[in-house]
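Asker: sequence? don't have it. structure:
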């Protein structure tokens with residue numbers, strides 16, 4: 001490219017995209033997400049145990065919605081980590097998501113007991 005065009009568009013040859021080389025703390029990352037998950041679940045469980053009647057069903061639906069929103073946020077964060085080239089944290093999120101899906105499957109079997 002011509003030097004005049006480089007100056008016009010302010011293009012420098014030394015420009016490189018910097019990737020975060022900072023150490024990625026997977027344990028800290030997972031503990032924060034797990035703490036949000038557990039705090040929400042314990043909070044909703046405490047409320048559910050204190051109410052009676054049809055309110056229980058309403059709070060169960062709200063708790064289900066909380067879990068769905070939380071899981072979607074984890075997946076969105078996984079895409080953002082992939083774009084930011086933080087592959088270790090992305091993989092940790094994917095593994096964490098898989099474990100949570102397995103736990104949801106176990107809970108489904110325990111609660112609804114599907115028999116084929």
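Answerer: Cool, got the structure. Bear in mind the structure is a predicted one, so any value in this text is a computation, not a measurement.

Asker: Which strands and helices lie in contact with the helix or strand that contains residue 76?
Answerer: Per DSSP states H and E, residue 76 falls inside helix 54-83. With contacts taken as 3 or more C-beta pairs under 8 Å, 6 or more residues apart in numbering; DSSP states H and E, helix 54-83 sits against helix 26-50, helix 87-112. To be clear about C-beta, it is placed using only N, CA and C from the backbone, and glycine gets the same treatment.

Asker: the inter-axis angle of the last one versus helix 54-83?
Answerer: In this case it means helix 87-112. Counting by axes from the mean of the first three to the mean of the last three C-alpha atoms, to 10 degrees, helix 87-112 lies at 160 degrees to helix 54-83.

Asker: Show me what helix 87-112 is packed against.
Answerer: Using 3+ C-beta pairs under 8 Å, 6+ apart, helix 87-112 sits against helix 26-50, helix 54-83.

Asker: now these as TSV including mean pLDDT, mean neighbour count and distance to residue 108?
Answerer: Putting the helices and strands packed on helix 87-112 into TSV (pLDDT from 0 to 100; neighbours: other C-beta atoms under 10 Å; distance: least, C-beta to C-beta, whole Å) gives the following:
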stretch	mean pLDDT	mean neighbour count	distance to residue 108
helix 26-50	93	13	16
helix 54-83	94	13	11
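
Asker: Which one, of those helices, ends up nearest to residue 95?
Answerer: Nearest to residue 95 among these is helix 26-50; the distance by C-beta to C-beta comes to 8.8 Å.

Asker: tell me the contacts of the spatially most central residue of the chain?
Answerer: Central residue of the chain (C-alpha atoms, centre = their mean): residue 74, 1.3 Å from the mean position. With contact taken as C-beta atoms under 8 Å, 6 or more residues apart in numbering, residue 74 is in contact with 33, 93, 96, 97, 100.

Asker: so which of those is the most crowded?
Answerer: Within the contacts of residue 74, most neighbours by other C-beta atoms under 10 Å means residue 93, with 24 neighbours.

Asker: Can you name the residues that contact the nearest residue in space to residue 71 that is not next to it in sequence?
Answerer: What sits nearest to residue 71 in space, not counting adjacent residues and going by C-beta to C-beta, 6 or more residues apart in numbering, is residue 100, at 6.7 Å. Listed by C-beta under 8 Å, 6+ apart, the contact set of residue 100 reads 37, 71, 74.
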